[in-house]
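Q: Okay, sequence plus prediction incoming.
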Amino acid sequence: MFKALTAAIIALPFAVALQTAKAEPVGQHMYEAVKSDPALAAEFTQIMKPVAAKASWVDSFGTTAPSTLETVDEQTYSVYWGCKPHDCITESYVVMYNPKTKEIAAGAFLQNNYDGPNLTNSDITWLGKTDFDLARALGKYLY
């Protein structure tokens with residue numbers, strides 16, 4: 001009995017971690033994630049409306065990186081990043097998606113200008129209702 005109880009106690013954290021991994025897939029690219037989550041696709045289209053007319057490449061997600069997880073105020077978000085194909089250093093986006101509520105909680109679109117190799121100007125367009133704490137979490141994905 002003691003061995004069974006000990007085994008159950010040891011296995012519990014692994015079972016919880018496995019369940020969390022299923023609920024919040026890490027490492028998927030945006031173009032992969034939207035295939036299995038139509039709410040993510042709809043949320044992405046909605047949040048990108050302010051920039052999509054000037055950056056039509058966002059409609060196809062651009063060149064993407066595998067998603068990561070960020071926790072803000074005890075809430076875990078899937079973070080998706082993408083950039084302009086063949087020109088990542090000039091335009092990119094990042095969004096934080098809550099897979100439980102099926103909403104993009106925050107986002108940013110970055111445009112950079114260069115003089116040769118030197119960065120001369122950056123313009124960040126905050127998307128949705130990005131509050132300060134969410135903006136801080138997104139900041140490391142902008143450059």
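A: Everything's here; your move.
Q: Show me where the protein has its strands.
A: Here the chain has its strands, by DSSP state E, at 63-72, 75-83, 91-98, 103-115, 118-127.
Q: Which helix or strand in this structure has the lowest average pLDDT?
A: None of the helices or strands of the chain scores lower by mean pLDDT, DSSP states H and E than helix 2-23, at a mean of 43.
Q: residues touching the most centrally placed residue in the chain, list them.
A: Nearest to the geometric centre of the chain sits V79, at 1.9 Å (CA atoms, centre = their mean). Going by CB atoms under 8 Å, 6 or more residues apart in numbering, V79 touches S67, T68, L69, E70, V94, V95, M96, Y97, A137, L138, Y141. To be clear about C-beta, it is placed using only N, CA and C from the backbone, and glycine gets the same treatment.
Q: let's see it at 6 Å
A: V79 makes contacts with T68, E70, M96, as judged by CB atoms under 6 Å, 6 or more residues apart in numbering.
Q: Selecting buried members of those in PyMOL, what would you type?
A: Burial among the contacts of V79 is assessed by 16 or more other CB atoms under 10 Å; the matching PyMOL selection reads:
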select buried, resi 70+96
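Q: closest to F44 among the contacts of V79?
A: Distances from F44 to these, taken as CB to CB, are shortest for M96 (11.5 Å).
Q: Hmm, A108 and the closest one touching each other?
A: No - look at M96 against A108 with CB atoms under 6 Å: they stay out of range, at 9.4 Å.
Q: sorry, back to before: what bridges to the residue nearest to the centre of the chain?
A: When assigned by DSSP bridges, V79 has beta-bridge partners T68, M96.
Q: Then L119?
A: For L119, the beta-bridge partners under DSSP bridges are Y114.
Q: returning to that earlier point: and the strands of the chain: which comes nearest D37?
A: Of those, nearest to D37 by CB to CB is strand 91-98, at 8.4 Å.
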